[in-house]
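Asks: Got a sequence here, can you build the structure:
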Amino acid sequence: KPGNCFSGNNKLTESVVPDIAIRIVDGELELTLNGRNAPTLHVSKDYQEMMQTYKDSRDKSNSQKDAVQFIKQKLDSAKWFIDAIKQRQETLYVTMNAIMHYQEDFFLEGDETKLRPMILKDIADLVGLDISTVSRVANSKYVETPYGTKLIKEFFSEAMKNDQGEDVSTLEIKKILQNIIEAEDKKKPLPDDQLAELLKEKGYPIARRTI
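Replies: Numbers count the residues shown, from 1 in each chain. All right, here's what the predicted structure looks like:
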């Protein structure tokens, strides 16, 4: 276990277990951590009681002192590990909470054209974390939303200008382009220059090369 489940002809479907979930409750967004991925950890009382027993012992031999020191080191390591896991979860929560509010319109409606331009620095500045920390969270964590489970980095995008000079997300433009392509005649696909013209008509002056 767990390797033996991969032996033989058993075909397994690997599923993603999201680290965090966003739900809409009474018209408001609610963010929760997945406890399954981060169970509550604690140090066994047996070890704490063992150290106390050694401390209270009248035998102050070197072996007893060594035992106390050994147990103390292990307890300190365990506490450090628990604190590190707790800090990791807090980092994940505050990062996703900032993303959720930054992209509130999308999470409320599920319309990808409502996604705002957002880069790692935007969120790093909001939560006071290093860009590399936000990047690690975005690239490795999944969030469950009312519209499916998504990798957090999918909500990040660069900005481009529309014909009004406003910043719009490249994700918004990709979604509109996708809709155009899905509606085209598959026997006569639209050439890139015509796609560029159609986007321009919709208010997105994008070069054919960019298309």
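Asks: Could you pull out the helices in this protein for me?
Replies: Listed from the start of the chain, the chain has helices (DSSP state H) covering 45-56, 62-102, 104-109, 120-127, 131-140, 170-183, 192-201.
Asks: Please name whichever of these is nearest to residue 26.
Replies: If you check each of the helices of the chain against residue 26 by CB to CB, helix 104-109 wins as the nearest, at 11.9 Å. Quick note: C-beta positions are derived from backbone N, CA and C, even for glycine.
Asks: Which residues does that closest one contact?
Replies: By CB atoms under 8 Å, 6 or more residues apart in numbering, the surrounding residues in contact with helix 104-109 are 22, 24, 27, 29, 100, 111-112, 114-116, 145-146, 155.
Asks: again, but for stretch 138-156
Replies: Residues from elsewhere that reach stretch 138-156, judged by CB under 8 Å, 6+ apart: 16-24, 34, 92, 95-96, 99, 103, 106-107, 110, 115, 118-120, 137.
Asks: try stretch 179-189
Replies: Applying CB under 8 Å, 6+ apart, the set of residues contacting stretch 179-189 from outside is 190, 195, 198, 199.
Asks: Likewise for stretch 122-132?
Replies: Contacts made with stretch 122-132 from outside it, assessed by CB under 8 Å, 6+ apart, are listed as 91, 94, 95, 98, 99, 102, 120, 121, 133, 134.
Asks: Is it correct that residue 22 is in contact with residue 31?
Replies: Yes - using CB atoms under 8 Å, residue 22 and residue 31 qualify as a contacting pair, with a distance of 5.7 Å.
Asks: Of these two, which one has the most company?
Replies: Each of residue 22 and residue 31 has its neighbours counted (other CB atoms under 10 Å); residue 22 has more, 21 against 17.
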